[in-house]
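Participant: Show me how the following folds:
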Amino acid sequence: MKNVVNMRVIYFMLCLLLAACSKDDAPETPGAFELKSISIGDKQDQSSFDNVAPDAGIVLTFTDAVDEASARANIALKQNDQAVACNFSLSGADKLSLTPTGGFKSFSSYKLVINPGVKSTSGVLLSNGKVYEIKTGMDDSDKFDRIPDEELLTLVQKQTFKYFWNFGHEHSGMARERTTSADVVTTGGTGFGVMAMLVAAERGFVTRQEALGRVQKIVTFLDEECTSYHGAYSHWINGSTGKTQPFGDKDDGADLVETSLLFQGLLAARAYFKEASEAESKLRSDITRLWEAIEWTWFQKNGESVLYWHWSPNYGFEKNLPIRGWNECLITYVLAASSPTYPIDKTVYEAGWARNGGFRNGNTYYGYKLPLGAEKGGPLFLSQYSFLGINPKGLKDSYADYWEQNRNHTLINYNYCKENPKGYAGYGTSCWGLTASDGDSGYSAHSPSNDKGVIAPTAALSAFPYTPEESLSALHFFYYKMGDKLWRDYGFVDAFNLTANWYDNQCIAIDQGPIICMIENHRTGMLWNLFMAIPDIQQGLKKLGFESPALN
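Facilitator: Below is the predicted model of the structure:
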């Protein structure tokens, strides 16, 4: 019995030994090959990656050494289902780095697709494929050194002023319509430019004599070489010949609104250059003669109780566009009522501009009541162009408190961009401002009801008097964060669209001018003080029923 037990023990041990030998002699089965971790920039192991910096790289770490050729063939970065060219490199046998050639685009969406065809160097296929969603933000590093805010405001005014000074038309001195306009100069934009020259003289960007000489050059050109129509000028003028440059269909004559924006500037210049010298006296005399030549009542079209925008020597009033509020044209009715030679009656203001109260709004948006105008206020230039000279602080009539109107209009625009209902890239508390400007799909009057993702720096910067904190935040963003794309020889480019990754390469006179002038009104009130003290203007405002602390 004892021998039988011993035989069984010996047999069991031999089986164990044979099993061990079989295991040692058999080829080893490779383990699973998997993606161990993923990092994109400073973010790691997420199912989706948001706010990725444009210069971020992607690092994939595997559980074993990776075959680079299979990785290149089976890993793809895609945008809108199109493959994006990438640079691949191994950093250690199990780490693969890839970056899109030229970096990620700001505010864009990508997919990183990892197919299971990726192999280890030992030939094991990746256990399963994966897809990662990637959304980029922007490079939020400062592009310029930080400087005190007052210095920054001065820098913006001085650089933007160069558009009117360095780029002013050589012969006429007037402002070119835009960067590519060659001989085409703009009437309203020249008015803004003249006001900018007064600011420049006061701040020492140019001397008083230099500013006087340039304004006199413009006035002499208007007086001696330009075609005028019942005292009014066309929208566009050839800066070399003074001839009218048609603006559009049947628009080859007088433009009363552009003329108003021009004379807002010229009357401010007449008030600024008040010294008894022969040169300053001549400028005042010349401006007065041109001012008194404007036949405002002619533009009532046979005595109607409304002013008309256009008149053509070829088409008469066929353009047939009455100037009715609420829009940028308040200055036209104020000047027409202030004219010492062809003044309109108050009834024209009431029935034509105010539509007997028909331009009221009264609704509340984002907690702000809007007294006048379209839904959510329309583009921001409506509360800016007329108010380079007209001071809205304390200005009231039977229809509105104009400080409330302009401030609330701006805050509605700001809060709309903050809300960003259409989900455009970049919109927020530091990136806001919808107004008429260039855009990636063409020029348009951008507003909350016509939002195409286009932000124009002039919108927020020309609103400095109304929203100083919000406008300063926007200025910091435009200059420090976006300066490499927006800041140029003549200040900020006209507009940009972060969703479309589009940045303008143009500047436009009617957008550059208000930046200089409204920043100055915010800082010192200089232009408001000049314009509101003009006796003709005071008389006109009183005539129309306005109240203001600035009215004597």
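Participant: can we go C-alpha only for contacts and neighbour counts from here?
Facilitator: Fine.
Participant: any low-confidence regions in the protein?
Facilitator: 1-30 (pLDDT under 70).
Participant: per-domain residue ranges of it.
Facilitator: For the chain, the structural domains run 35-136, 149-543, going by automatic domain parsing.
Participant: winner for burial among the ones you listed?
Facilitator: domain 149-543 (a mean of 21; mean count of other CA atoms under 10 Å).
Participant: Kindly check the end-to-end length of that domain for me.
Facilitator: 41 Å (CA to CA, to the nearest Å).
Participant: how far does it sit from the chain's center?
Facilitator: 16 Å (CA atoms, centre = their mean, to the nearest Å).
Participant: cool, and stretch 541-549?
Facilitator: Taking CA atoms, centre = their mean, one finds the center of stretch 541-549 at 33 Å from the center of the full chain.
Participant: Give the pairing partners of the strand or helix carrying residue 111; include direction for each.
Facilitator: Per DSSP states H and E, residue 111 falls inside strand 109-114. Sheet pairing for strand 109-114, assigned by DSSP bridges, gives strand 75-79 (antiparallel), strand 130-136 (antiparallel).
Participant: that older thread, to residue 550, which of the domains of the chain lies closest?
Facilitator: Closest to residue 550 of the domains of the chain is domain 149-543 (CA to CA; 6.3 Å).
Participant: Could I get the full set of helices for the stretch 101-250 of the chain?
Facilitator: Per DSSP state H, counting those that start in this stretch, the stretch 101-250 of the chain carries helices over the ranges 149-165, 187-203, 208-224.
Participant: is it possible to export the strands paired with strand 109-114 to TSV including distance to residue 532?
Facilitator: Shown next, in TSV, are those (distance: least, CA to CA, whole Å):
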stretch	distance to residue 532
strand 75-79	56
strand 130-136	49
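Participant: and of these, who's closest to residue 380?
Facilitator: strand 130-136 (29.6 Å).
Participant: Doesn't residue 516 belong to a strand?
Facilitator: No: under DSSP: H, G, I helix; E, B strand; the rest coil, residue 516 falls outside any strand and is assigned helix.
Participant: if I pick the nearest residue in space to it that is not next to it in sequence, what's in contact with it?
Facilitator: Nearest residue to residue 516, sequence neighbours excluded (CA to CA, 6 or more residues apart in numbering): residue 157, at 4.9 Å. Contacts for residue 157 were tallied using CA atoms under 8 Å, 6 or more residues apart in numbering; they are 515, 516, 519.
Participant: can you do 10 Å?
Facilitator: Counting by CA atoms under 10 Å, 6 or more residues apart in numbering, residue 157 makes contact with 151, 196, 199-200, 203, 205, 490-491, 512-513, 515-520.
Participant: Check residue 486 too.
Facilitator: 457, 478, 479, 480, 492, 493, 494, 495, 496, 503, 504, 505.
Participant: For the first one, give its distance to residue 378.
Facilitator: Between residue 457 and residue 378 the distance is 16 Å, computed by CA to CA.
Participant: Kindly report the same for the last one.
Facilitator: If you measure residue 505 against residue 378 using CA to CA, the figure is 25 Å.
Participant: outside of the strand holding residue 111, which residues touch it?
Facilitator: In contact with strand 109-114 (CA under 10 Å, 6+ apart) are residues 35, 48-52, 58, 71-84, 104, 126, 128-137.
Participant: Could you rerun that using 7 Å?
Facilitator: Strand 109-114 has contacts (CA atoms under 7 Å, 6 or more residues apart in numbering) with 74-79, 129-136.
Participant: Make TSV from the residues you listed and add distance to residue 91 to it.
Facilitator: Output for the contacts of strand 109-114, formatted as TSV (distance: CA to CA, whole Å):
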residue	distance to residue 91
74	18
75	16
76	18
77	19
78	23
79	25
129	22
130	21
131	22
132	21
133	24
134	22
135	25
136	24
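Participant: Name the nearest residue to the residue nearest the centre of the chain, ignoring sequence neighbours.
Facilitator: Closest to where the C-alpha atoms of the chain average out (CA atoms, centre = their mean) is residue 456, at 1.0 Å. Excluding the flanking residues, the one nearest residue 456 by CA to CA, 6+ apart is residue 495, at 4.2 Å.
Participant: What residues does the one you found make contact with?
Facilitator: Counted by CA under 7 Å, 6+ apart, residue 495 has contacts 437, 438, 439, 454, 455, 456, 457, 503, 504.
Participant: Kindly provide the distance from the last one to residue 291.
Facilitator: Relative to residue 291, residue 504 is positioned 36 Å away (criterion: CA to CA).
Participant: Done for today, thanks.
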